[in-house]
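Undergrad: Got a sequence here, can you model it:
(2 chains)
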Amino acid sequence: MENPNEKRRQELEKYFDKKGPFVFLRVAQMKRAWQQKNRRELTWWESTYIPTVVSGIWLTSKHFFRNLTLHILHTVGLFKDIPASATYQYPEQPRPLAKRLRTRHRLMKREDGTPRCVACMMCETVCPARCIEITATEHPDPNVEKQPAEFILDLGKCVYCGFCVEVCPEDAIRMDTGKLDTSEYSRESMIYDKKRLMEE
Amino acid sequence: MPKLTIDGKEIEVPSKTTIIQAAEKLGIVIPRYCYHPALPVSGNCRICMVEVEKQPKLQIACYTMVANGMIVKTNSPKVLEARKTVLEFLLVNHPLDCPVCDQAGECKLQDYYMEHGQYDSRLDDTKVKKEKKAFSIGPTVMLDQERCILCTRCVRFTDNITRTNEFGVFNRGDHSQLDVYPGKQLDNNYSGNVVDICPVGALTDKDFRFKCRVWYLDKTKSVCPGCSMGCNITVEWDKSRPHQDKKTRVMRLKPRVNPDVNDHWMCDTGRYDYHFIDKNRILTPQQGDNLISWDQAIDTMAQTIKPLKDSGHLNKIGILASAQLTNEDLFLIRKLFKDTLNGSQIDFRVPQSLGASDDFLLKADRNPNTAGADLILQPAEDADLRDIIQKARNGGLDILYVFGHDLVKLFGKNTVEEISKNVKLFIFQGSNVNETCGYAHLILPSAVYAEKDGTFINSQHRVQRIWPAFTPLGESKGDWEILSLLSAKIGAPISYPNSEEIFDDIASSLALFAEMSYEKIGDQGMMLWY
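TA: Okay, here's the model as predicted:
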């Protein structure tokens, strides 16, 4: 019986032969892989797999015992300056964030406490995830004229691209709260309104 | 006929044509602020300046008459420099509050700056501020004097079109400001048009204020259903934000240019009468207080009509058609109730429904398709709805099928109560909830004009097309679709795939509409041939 793999190989070769010089390279690679000519024969000692297994166990247990000892010492208050592992002990130990990292949004306020936002809808227009929804209304100060009656931002949809911050002509929205842990129990509570966005 | 060359293209135009008009014929659009084709020329904004060969200075295109052998350049470096300078002067005192300005996105100042300006500001002085920012100057319009570029289009509109003379430009130099005359208000019925002609955001609409940014709007050509004038309009609706569950779709209506009907204008009565499209709609068929499915509703109707059809008591069917319906809807009423169920009583003419009117655009007859209903249904002369109502009251009818009329408003509560008692099946088919719904046995939701494809015939007997902007709200259907479903149930199916086919059928069966089609009607309408 004919080997089905062999048949497919022939078909592929036929196809690749039609395409320019780079294809020959690829065909050669494929051939080598199929014929398994690029594999080195293992020695007898290697083929028992014992050296590889031992070195693996050694590496794992080295870190295990080092971290175990250091964690125990940390609990009694010793060697605190040596970190026990590369892992941040979140949430007790927050990871240091870069200053310009895009984190959860906030709405800036004017001196009188009203939002700095003038509801120009630039962020709503530019948002690729379409997570912003603004309803505009009259501002009591005629020189400001416009303000958002409601500013809804759905963090469940937000992709944190920061376009809204970039496009804002009033510097009214910023992504500098340093908050990344916006986990909630329902989708509804991922939707932030004006009040929640202005809290901090 | 003088022959001239504009940007290397030759054209022959009648004498007393201005350069801007001649250029428009060639498809060259010269920037303009104060020039408006429907208003007298003022020539104050200077942005339309063009270079005319053998003339030492640049000429304004809006007021320079063409002459034989004239060679005009609209894009020479000198012209572009002049545009830039004009824009620089206009922006000396223009506030940069585009983020809060409703005009942003359709503002000529923005557009021309992006096209011709784009210079760095050389201005050290602060901008001259006016006493007040935006303030109300009438029931429909807000004025922001800081944004005004004093093109005086609105002044010329109120002086020449409405002749109400509300606007004026006061003071001099950079104290000049547009205002209404002291003690006056911009309260004529055409006030909304000044917002349309304002090239910047100085005059803005109160109704549209802060409601939606203009770049979210989608535009659908339509015809105003407010009166029998049939002004051409565009329905502007919020399309680009489908992710937002806003309850309102239509944001505003704007006039569409049709020199034979409404030119560039429309009245406020029509302009602000669009809220019914999204508010207070009937969404599902109802039987009494129960919500039912379309199948059940059509079944109920068919069950009452069929025995009448079989026994031949067709004069027990009363149809109150409406001049609000399109020709296509009316044609199906004609086919079903005049041809198939011959003998049913049909009328659409409402007694004493005349509203206010003027000698410009607003007509007393507040139905868009009275002429169409007249031609298609051909009711008996010297009669109106009252005959059918009287018959229904006395128990002479088994079915009363009402299309959108608010009978309570027309004939009073007692009459409708009696009808409800004496008629076996009182059907109300309409788009919006009204008092009559409370008495109807069966309520069917129908589409409004902005959801329909069809034609209206205005008082000049011009057939005009309306296009559907969006799908019908809720479960509502177009009137002809409902009638088509009903006809299938009573065993005389009349079915069409779309309204264009219906119109083709109208064209082939009614002599007046001969050789008409949607394609020929186009967006400017077509006169009925007598």
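Undergrad: quick check: longest strand of chain A.
TA: Identified as the longest strand of chain A according to DSSP state E is strand A:146-154.
Undergrad: does whatever helix or strand comes next after that one come close to chain B?
TA: Going down the chain from strand A:146-154, the next helix or strand is helix A:163-167, by DSSP states H and E. No: residues of helix A:163-167 contacting chain B under CB under 8 Å from any CB of the partner chain: none, with a closest distance of 10.5 Å. No exception for glycine: its C-beta is placed from N, CA and C like everyone else's.
Undergrad: next helix or strand past helix A:163-167?
TA: strand A:173-174.
Undergrad: ok, residue A:199 to chain B distance?
TA: Look at residue A:199 and chain B: by CB to the nearest CB, to the nearest Å, they are 24 Å apart.
Undergrad: still on that earlier bit, pull out the buried residues from the longest strand of chain A.
TA: Using 16 or more other CB atoms under 10 Å in any protein chain shown as the burial criterion, the residues of strand A:146-154 that qualify are A:146, A:147, A:148, A:151, A:152, A:153, A:154.
Undergrad: Is it possible to get JSON lines of those residues that adds pLDDT?
TA: Shown next, in JSON lines, are these (pLDDT from 0 to 100):
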{"residue": "A:146", "pLDDT": "93"}
{"residue": "A:147", "pLDDT": "94"}
{"residue": "A:148", "pLDDT": "94"}
{"residue": "A:151", "pLDDT": "93"}
{"residue": "A:152", "pLDDT": "92"}
{"residue": "A:153", "pLDDT": "94"}
{"residue": "A:154", "pLDDT": "93"}
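Undergrad: Out of these, which is nearest to residue B:197?
TA: Minimum distance to residue B:197 across the buried residues of strand A:146-154 is 23.5 Å, recorded for residue A:146 (CB to CB).
Undergrad: Please list all residues in contact with the closest one.
TA: Contact analysis of residue A:146 by CB atoms under 8 Å, 6 or more residues apart in numbering or on different chains lists A:118, A:119, A:120, A:136, A:137, A:138, A:139, B:99, B:100, B:210.
Undergrad: Please repeat the previous calculation with a cut-off of 7 Å.
TA: Applying CB atoms under 7 Å, 6 or more residues apart in numbering or on different chains, we find residue A:146 in contact with A:118, A:119, A:136, A:139, B:100, B:210.
Undergrad: The nearest residue to it once chain neighbours are set aside: how many residues sit nearby?
TA: What sits nearest to residue A:146 in space, not counting adjacent residues and going by CB to CB, 6 or more residues apart in numbering or on different chains, is residue B:100, at 4.1 Å. Neighbour count for residue B:100, taken as other CB atoms under 10 Å in any protein chain shown: 24.
Undergrad: wait, isn't residue B:100 in contact with residue A:143?
TA: No: taking contacts as CB atoms under 7 Å, residue B:100 lies outside contact range of residue A:143: 10.0 Å.
Undergrad: any idea how far the residue nearest to residue A:146 is from residue A:41?
TA: According to CB to CB, to the nearest Å, residue B:100 stands 77 Å off from residue A:41.
Undergrad: The residue in the stretch 251-400 of chain B that chain A sits nearest to: which element?
TA: For the stretch 251-400 of chain B, the residue closest to chain A is residue B:251, as judged by CB to the nearest CB, at 12.7 Å. For residue B:251, the enclosing helix or strand under DSSP H and E is strand B:250-255.
Undergrad: Assess the claim that residue B:154 and residue B:198 are in contact.
TA: Yes: at 6.2 Å, residue B:154 and residue B:198 qualify as touching, with contact defined as CB under 7 Å.
Undergrad: ok and the residue in chain A nearest chain B?
TA: residue A:120 (3.4 Å).
Undergrad: Report how many residues lie close to that residue.
TA: 24.
Undergrad: List, one by one, the residues from chain A near chain B.
TA: A:118-121, A:125, A:130, A:133, A:136-137, A:142-143, A:145-146, A:169-170 (CB under 7 Å from any CB of the partner chain).
Undergrad: Need the buried ones from these selected in PyMOL.
TA: For the buried members of those, the matching PyMOL selection, counting by 16+ other CB under 10 Å, is:
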select buried, chain A and resi 118+119+120+121+125+130+133+136+145+146+170
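Undergrad: Let me know the secondary structure of residue 5.
TA: Since you didn't name a chain, this refers to chain A. helix (DSSP: H, G, I helix; E, B strand; the rest coil).
Undergrad: should've been chain B
TA: Reduced to three states by three-state DSSP, residue B:5 is strand.
Undergrad: Please report how far it lies from chain A.
TA: Counting by CB to the nearest CB - residue B:5 and chain A are separated by 43 Å.
Undergrad: With adjacent residues omitted, what lies nearest to that residue?
TA: That would be residue B:71: by CB to CB, 6+ apart, it lies 4.8 Å from residue B:5.
Undergrad: pLDDT wise, what is that neighbour at?
TA: pLDDT, residue B:71: 96.
Undergrad: buried stuff in the lengthiest helix in chain A?
TA: Secondary structure assigned by DSSP state H gives helix A:50-75 as the longest helix of chain A. Going by neighbour count (16+ other CB under 10 Å), the buried part of helix A:50-75 is residue A:70.
Undergrad: cool, and stretch B:377-391?
TA: Neighbour-count burial for stretch B:377-391 [16+ other CB under 10 Å]: B:377, B:379, B:384, B:385, B:388, B:389, B:391.
Undergrad: Thank you kindly, that will do.
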